[in-house]
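Asks: Please work out how this folds:
(chains A and B)
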Amino acid sequence: EAGVVQSPRYKIIEKKQPVAFWCNPISGHNTLYWYLQNLGQGPELLIRYENEEAVDDSQLPKDRFSAERLKGVDSTLKIQPAELGDSAVYLCASSPHSATDTQYFGPGTRLTVL
Amino acid sequence: GENVEQHPSTLSVQEGDSAVIKCTYSDSASNYFPWYKQELGKGPQLIIDIRSNVGEKKDQRIAVTLNKTAKHFSLHITETQPEDSAVYFCAASTDGGFKTIFGAGTRLFVKA
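Replies: Numbering: from 1, shown residues only, chains lettered A, B, ... in the order given. Modelled structure (predicted):
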């Protein structure tokens, strides 16, 4: 069974540029999460989808971050414009149904903003 | 909201010794407590989890204990091996809730 796929694995951009991350969850998983992981910290939830519906985006900085999960399968997270403080690892995870199911994480995208 | 504190932040043990990582949580409604292992350049991977109707769970060399009254849970790794070296995260979440809250992580070094 294929795991959670994320791309790109690494991205270096200059501040004020846009950037997008892509995630393909495990087949059949209804719930998809985007997390932010700063160096030396645990993952922090940005947004959670149940199928195509964003059910928790309270931690998503909506002035510059946006996300979509069209058709309830893969998802894209975008930052526009990027700031220096956005440098981090962006993790995608999926689970069969809910937050109390096992979450399966992708390898993450390491973003560096110069 | 939920807050999860994890200790220690760094732990160094000799191969073959045991390692214990402790976490406390604040929301008494939390009822699911997973532990994740994260190796360099990879996403966190679940190693064991426990639900609030159970006090202890074991899987080979790893075990987790839960004290609901005190709101703390612990990860125990016995007979540690160099390949156990990684960052370990505890987490807490609630049935029907919308967030899994992670601790800050423990970097475990197992010296050969």
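
Asks: Show me what the helix or strand containing B:Ile47 is packed up against.
Replies: Secondary-structure assignment from DSSP states H and E places B:Ile47 in strand B:45-51. With contacts taken as 3 or more CB pairs under 8 Å, 6 or more residues apart in numbering or on different chains; DSSP states H and E, strand B:45-51 sits against strand B:32-38, strand B:56-59, strand B:62-67. For glycine as for every other residue, the C-beta is placed from the backbone atoms N, C-alpha and C.

Asks: Quick check: residues of chain A near chain B?
Replies: When proximity is defined as CB under 8 Å from any CB of the partner chain, chain A approaches chain B at A:4, A:40-45, A:48, A:55-56, A:91, A:93, A:98-100, A:102-108.

Asks: check contacts around the spatially most central residue of chain A.
Replies: The centroid of chain A falls nearest to A:Trp34 when counting by CA atoms, centre = their mean (3.0 Å). With contacts defined as CB atoms under 8 Å, 6 or more residues apart in numbering or on different chains, A:Trp34 is in contact with A:23, A:45-48, A:67, A:75, A:77, A:90-92.

Asks: from the residues you listed, which is closest to B:Lys22?
Replies: Using CB to CB, A:Leu45 comes nearest to B:Lys22 of these, at 23.0 Å.

Asks: Quick one, grab the pLDDT at that closest one.
Replies: Predicted confidence (pLDDT) for A:Leu45: 92.

Asks: contacting residues for it?
Replies: A:33-35, A:56, A:59, B:99-100.

Asks: Which strand residues bridge it?
Replies: A:Tyr35 (DSSP bridges).

Asks: How are the strands of chain A distributed by residue range?
Replies: Ranges of strands within chain A are A:5-7, A:10-13, A:19-24, A:31-37, A:44-50, A:53-56, A:65-68, A:75-79, A:88-95, A:104-105, A:109-113, based on DSSP state E.

Asks: Give me the angle between the fourth one and strand A:44-50.
Replies: Interaxial angle of strand A:31-37 relative to strand A:44-50 (axes from the mean of the first three to the mean of the last three CA atoms, to 10 degrees): 170 degrees.

Asks: do the longest one as well
Replies: Calculated by the same axes, to 10 degrees, strand A:88-95 forms an angle of 30 degrees with strand A:44-50.

Asks: Low-confidence stretches in chain A?
Replies: A:1, A:99-100 (pLDDT under 70).

Asks: how does it look with 90?
Replies: Segments of chain A classed as low confidence (criterion: pLDDT under 90) are A:1-2, A:40, A:50, A:55-59, A:61-62, A:70-72, A:96-102.

Asks: With just CA atoms, put stretch B:94-108 into PDB.
Replies: Provided in PDB are the C-alpha atoms of stretch B:94-108 (Å, rounded to 0.1, in the frame of the first residue of the first chain):
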ATOM      1  CA  THR B  94     -10.600  13.600  21.500                       C
ATOM      2  CA  ASP B  95     -13.200  11.500  19.900                       C
ATOM      3  CA  GLY B  96     -15.200  13.700  17.700                       C
ATOM      4  CA  GLY B  97     -12.700  16.500  18.300                       C
ATOM      5  CA  PHE B  98     -10.900  18.300  15.600                       C
ATOM      6  CA  LYS B  99      -7.300  18.500  16.700                       C
ATOM      7  CA  THR B 100      -4.500  16.200  17.700                       C
ATOM      8  CA  ILE B 101      -2.100  18.200  19.900                       C
ATOM      9  CA  PHE B 102       1.500  17.100  19.900                       C
ATOM     10  CA  GLY B 103       4.100  17.500  22.500                       C
ATOM     11  CA  ALA B 104       7.400  19.300  21.700                       C
ATOM     12  CA  GLY B 105       9.300  16.000  21.200                       C
ATOM     13  CA  THR B 106      12.100  14.100  22.900                       C
ATOM     14  CA  ARG B 107      15.300  13.500  21.100                       C
ATOM     15  CA  LEU B 108      16.500  10.000  22.200                       C
END
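
Asks: Alright, I will stop here.
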